[in-house]
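[1] Requesting a structural model of the entry that follows:
(2 chains)
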Amino acid sequence: MYDFINGDEYAPAPESTSELNVKEQYGLFIHGEWCDAEGKKTFDTIDPSNQKVLSKVALASSNDVDKAVAAARSAYNGEWGQMSGSDRGKYLYRISRLIQERSREFAVLETMDGGKPIRESRDIDLPLVAAHFFYYAGWADKLDYAFPGKQKVSSVGVVGQVIPWNFPLMMAAWKIAPALACGNTVILKPAETTSLTALLLAEVIAEAGVPAGVVNIVTGAGDTGRAIVEHPDIDKIAFTGSTCVGKQILKAVAGTEKTYTLELGGKAAHVIMDDAAIDQAVEGIVNGIFFNQGNVCCAGSRLLVQEGVAEKVIKKLKKRMESLIVGNPLDKNTDIGAINSKEQLNTIKRMVKSATKEGAEVWQPEGNVPRKGNYFPPTLILDCAQSHTVVQQEIFGPVLTIQTFRTVNEAIEKANNTEYGLSGGVWSDKGAKVFKLTDQINAGIMWANTYNAFDPASPFGGFKESGIGCEGGLHGLYPYVKLNG
Amino acid sequence: MAFPNLRDIAPIDEVGVKERASRYQKRSLKGETKLSALRLALTMLDVTTLEGKDSVGKVKQMCRKALSPMASDPTIGPAAAVCVYPSLVKIAKNEVAGSKVKVASVATAFPSGQSRLRERLGEIKYAVSEGADEIDMVISRGKFLAGDYRGLYDEVAKCKEACGEAHLKVILETGELETLDNVRIASEISMSAGADFIKTSTGKIAPAATLPVTLVMLQAIADYHERTGIMVGMKPAGGISDAKLALQYLVMVKELLGKKWLSNKWFRFGASSLTNDLLMQLEKQRTGLYQGGDYFSKD
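    Residues are numbered from 1 along each chain as shown, chains lettered A, B, ... in the order given. The predicted model follows:
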């Protein structure tokens, strides 16, 4: 059956879970200590690849959030607020190194709790998480020289951070690292379905000797998030998630003195010109939409391909998709893992159904998608029009819509014809064309002849309904400092 | 086939090729999959010696190794072919007579190709007359880099003609072509001119075979097949000395070209030290014990 020549599948190659100790229950991490939630309330977190309960996680009430904010405030007013940048940097470097040392453990847990393939959590998420802490560790003692002119730089205070389930640990790193580098203290709420790696990060932060109360992790669902957003003693809100929730947050902070950054949804155009390196562009398309099961805000979910090469590109893309392996996320050969929740899986199914109803053609490669667990096959939606629901709304799954265009200007017009403006991609062998497209497509992040390439030094943020503010790079410091304050 | 329309050849993005190639290295072959892949690799070897000091004795011993890579287990191997200089073809042919092992000979002023076409064609004819089943020719890299693509096409076509019944493998010597765009164009020209196989390197120039270069050539083969229905074989040569890397090549062939190419009719490794590493890994897989070099014959 697993014969290399005739077999359709490789023998199972599961990553070992023996290094990992998943606890039966996790508490809240407040003031450097683990504690139960009010009334000892908990909720289950499941492994989306098999629907089994992995662990129980504390459900924080608004009183628990109060406790966390009080801890963060006292830490801010105490040792941490007075600490020099170079000392803060030392803690961040220590966190980065501990993450590297325990990266296999983190990667396995991320895959079990989140559903993403181990190849990605091991080779992409974890290296980027460590790199993010290293990068901001480097800024901690250089803030006085980071901004134009000679400006007085001070921290913002207590920061409330709410993150999504698609990159649980990476989003925690993107939030915590710059906040600490700038001297703030933090209350972070991971997504309801993916709390575990943030809690493991809390362990690492404690191990690094970060003073109590500097980082507090409270777990829970929407109500816990709301308690953070509406808390009167929080100075800044940083949120990554859906545009719908982002709008609610904006309403909640309106009229308060809170500052905010929002990193929301996207519907990125991925433009293939007829002079592109076609085989590599096909790989870029695959990487753009099937990375992390397409559960990526900056996914290249709308393919715009020039008519002259459309047939060739689609043919090659289909062939490439046939070699993608959907299955057990812990298997080292898996390309597409499990969708994080039943709810999201149903959303994807509903959207794909709408495409058929509206007259588009749905294509999926033949092959085995495991019946148990939250799996969805890589999917193309052909013959799309700009008016189709699947072209206009974010699907957040491994589903790519395909439209054709004739000229550069038409590509730009179609690319910009969306309420979002987070990211986009361009493939062309001609520099002038690349610059015209990347300049005129209205998106915060533009990739040329690559896609989903991340680096801590590069700012990430969106225009229009994709958000406000940037994370990453020098730009990622701005939300966490007050200048001349 | 006619001279290819070079305007139809898409450009190559080197960074993208490297990234794609590295993805094949992330496949993890275990158990039965690994065992069958190692066995397959052992049947795809062109066991090679191409040195000035090659002698009758050396070639005879190497032929024995090709015939039965592991004396204790006749189900392993034999290798696909032995590859030698023209003057040693007859010796090799006698040694492997009656077996499935083919005799390949380098020709055309190997490795530089810097001789008159008449002499190069003569060398092919000589090797064939001595009994070579396969000819490994080198292209005129100078001609190619000077932009004389039609000249190169004509040369390959003439070499093919000189081969008669023998199979023609065309060595691009990718280490001298420098860009992947050049590798792609040279592949197209060679296939159109009648190559049965395209091959990366002579083994005399570094870098020899790499995964990215092989990926570009395999993609060219896939597109050529798509366009014409003609299957062309692939032979990475030089620099593939361990089993792990060899299996990564096989994964690439399987996932890019499909199962049809997974035989020594369509895929070869040009290597000399790879054989024993494959055998060591095979034994490790079968027995669970790591092996030592001295347990395997070095011929």
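
[2] How about stretch B:9-19 and chain A, any contact?
    Yes: interface with chain A: stretch B:9-19 contributes B:10-13, B:15-17, B:19 (C-beta under 8 Å from any C-beta of the partner chain). All C-beta atoms are positioned from the backbone trio N, CA, C, and that covers glycine.

[3] okay, which residue is most central for chain B?
    B:Lys235 (2.5 Å; C-alpha atoms, centre = their mean).

[4] possible to save the residues of stretch B:9-19 next to chain A as TSV with pLDDT, neighbour count and secondary structure?
    Written out in TSV, the entries for the residues of stretch B:9-19 next to chain A read as follows (pLDDT from 0 to 100; neighbours: other C-beta atoms under 10 Å in any protein chain shown; DSSP: H, G, I helix; E, B strand; the rest coil):
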residue	pLDDT	neighbour count	secondary structure
B:Ala10	92	22	coil
B:Pro11	96	16	coil
B:Ile12	98	24	coil
B:Asp13	97	24	coil
B:Val15	96	13	helix
B:Gly16	97	24	helix
B:Val17	98	24	helix
B:Glu19	96	17	helix
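
[5] I figured A:Glu207 was touching A:Leu98, is that so?
    Yes: if you go by C-beta atoms under 8 Å, A:Glu207 and A:Leu98 touch, sitting 5.9 Å apart.

[6] Identify the residues contacting B:Ala166.
    The neighbourhood of B:Ala166, defined by C-beta atoms under 8 Å, 6 or more residues apart in numbering or on different chains, consists of B:127-128, B:132-135.

[7] oh, I was asking about A:Ile237
    Residues in contact with A:Ile237, defined by C-beta under 8 Å, 6+ apart, are A:159-162, A:228-229, A:249, A:253, A:258-261.

[8] Go again with 6 Å.
    When contacts are counted by C-beta atoms under 6 Å, 6 or more residues apart in numbering or on different chains, A:Ile237 touches A:160, A:229, A:253, A:258, A:260.

[9] out of these, which are inside helices?
    A:229, A:253 (DSSP state H).

[10] Who wins on neighbours among the contacts of A:Ile237?
    For the contacts of A:Ile237, the largest number of neighbours (other C-beta atoms under 10 Å in any protein chain shown) sits with A:Gly160, at 32 neighbours.

[11] ok, back up a step: would you mind giving the residues of stretch B:9-19 next to chain A as a markdown table with distance to B:Thr33 added?
    As requested, the residues of stretch B:9-19 next to chain A are exported to a markdown table (distance: C-beta to C-beta, whole Å):
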| residue | distance to B:Thr33 |
| --- | --- |
| B:Ala10 | 33 |
| B:Pro11 | 35 |
| B:Ile12 | 31 |
| B:Asp13 | 31 |
| B:Val15 | 30 |
| B:Gly16 | 28 |
| B:Val17 | 26 |
| B:Glu19 | 24 |
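
[12] got the residues of the stretch 351-485 of chain A near chain B?
    The stretch 351-485 of chain A has residues A:429, A:449 near chain B, with proximity defined as C-beta under 6 Å from any C-beta of the partner chain.

[13] So, low pLDDT: which residues of the stretch 351-485 of chain A?
    A:485 (pLDDT under 70).

[14] which parts of the stretch 1-150 of chain A sit against chain B?
    With C-beta under 6 Å from any C-beta as the criterion, the stretch 1-150 of chain A meets chain B at residues A:2-5, A:10-11, A:13, A:119.

[15] Can you tell me how far the closest residue to A:Val296 other than its chain neighbours is from chain B?
    Distances taken as C-beta to C-beta, 6 or more residues apart in numbering or on different chains place A:Asn166 nearest to A:Val296, at 6.3 Å, with adjacent residues excluded. Going from A:Asn166 to chain B by C-beta to the nearest C-beta, to the nearest Å gives 21 Å.

[16] List of residues touching stretch B:25-32?
    Taking C-beta under 6 Å, 6+ apart as the rule, stretch B:25-32 contacts A:2, A:11, A:13, A:119, A:332-333, B:37, B:247-248, B:251.

[17] A:Glu207 and A:Leu98: which is more packed in?
    A direct count of neighbours by other C-beta under 10 Å for A:Glu207 and A:Leu98 places A:Leu98 higher, at 18 against 13.

[18] List the contacts of that one.
    With contact set as C-beta under 6 Å, 6+ apart, A:Leu98 has these partners: A:204, A:207-208.

[19] Identify those among those residues that sit within strands.
    Assignment to strands by DSSP state E places none of these there.

[20] nearest to A:Val408, of the residues you listed?
    The shortest approach to A:Val408 among the contacts of A:Leu98 belongs to A:Val204, at 48.0 Å (C-beta to C-beta).

[21] So the residue nearest to the closest one when sequence neighbours are not counted versus chain B, what's the distance?
    Across the structure, with C-beta to C-beta, 6+ apart as the measure, the residue nearest A:Val204 apart from its sequence neighbours is A:Leu98 (4.6 Å). Spatial separation of A:Leu98 from chain B under the definition C-beta to the nearest C-beta is 26 Å.

[22] what do you get for A:His31?
    42 Å.

[23] Just give the number of residues close to the nearest residue to that residue once chain neighbours are set aside.
    Nearest-residue entry for A:His31: A:Ala71, 3.8 Å, with adjacent residues in sequence omitted and distances by C-beta to C-beta, 6+ apart. Around A:Ala71 there are 23 other residues, counting by other C-beta under 10 Å.

[24] same deal with A:Ile289?
    Based on other C-beta under 10 Å, the number of other residues close to A:Ile289 is 30.

[25] okay, now the closest residue to it other than its chain neighbours: neighbour count?
    Using C-beta to C-beta, 6+ apart and skipping residues adjacent in sequence, the residue nearest A:Ile289 is A:Leu400, 4.4 Å away. A total of 28 residues lie near A:Leu400 under the criterion other C-beta under 10 Å.

[26] Would you mind identifying the next helix or strand past the helix or strand hosting A:Leu400?
    Element membership of A:Leu400 [criterion: DSSP states H and E] is strand A:399-405. Taking DSSP H and E as the definition, the helix or strand that follows strand A:399-405 towards the C-terminus is helix A:408-416.

[27] Direction included, what does the next helix-or-strand element following that next one pair up with?
    Of the helices and strands lying after helix A:408-416 in sequence (DSSP H and E), the nearest is strand A:420-421. When sheet partners are counted by DSSP bridges, strand A:420-421 sits next to strand A:463-464 (antiparallel).

[28] Report the closest residue of the stretch 301-450 of chain A relative to chain B.
    Here the residue of the stretch 301-450 of chain A nearest chain B is A:Lys332; by C-beta to the nearest C-beta that distance is 4.0 Å.

[29] My understanding was that that residue contacts A:Ala11; is that so?
    No: using C-beta atoms under 6 Å, A:Lys332 is not in contact with A:Ala11, being 11.0 Å away.

[30] Can you pull out the residues in contact with the strand holding A:Leu400?
    If you take C-beta under 6 Å, 6+ apart as the criterion, strand A:399-405 is touched by A:289, A:302-305, A:307, A:310, A:379-382, A:384, A:390-391, A:411, A:414.

[31] The contacts of A:Leu98 in helices, which ones?
    Among the contacts of A:Leu98, the ones falling in helices (DSSP H) are A:204, A:207.

[32] List just the nearest of the contacts of A:Leu98 to B:Ala109.
    With C-beta to C-beta as the yardstick, the closest approach to B:Ala109 among those comes from A:Val204, at 62.9 Å.

[33] just checking, A:Pro459 touches A:Gly469?
    No: contact status for A:Pro459 versus A:Gly469: not in contact, 9.6 Å apart, counting by C-beta under 6 Å.

[34] show me what contacts the residue of the stretch 1-150 of chain B found nearest chain A?
    Nearest to chain A in the stretch 1-150 of chain B, going by C-beta to the nearest C-beta, is B:Gly16, at a distance of 2.9 Å. Under the criterion of C-beta under 6 Å, 6+ apart, the neighbours of B:Gly16 are A:280, A:283.

[35] 10 Å instead, please
    Listed by C-beta atoms under 10 Å, 6 or more residues apart in numbering or on different chains, the contact partners of B:Gly16 are A:276-277, A:279-284, A:287, A:427, A:449-451, B:180, B:212.
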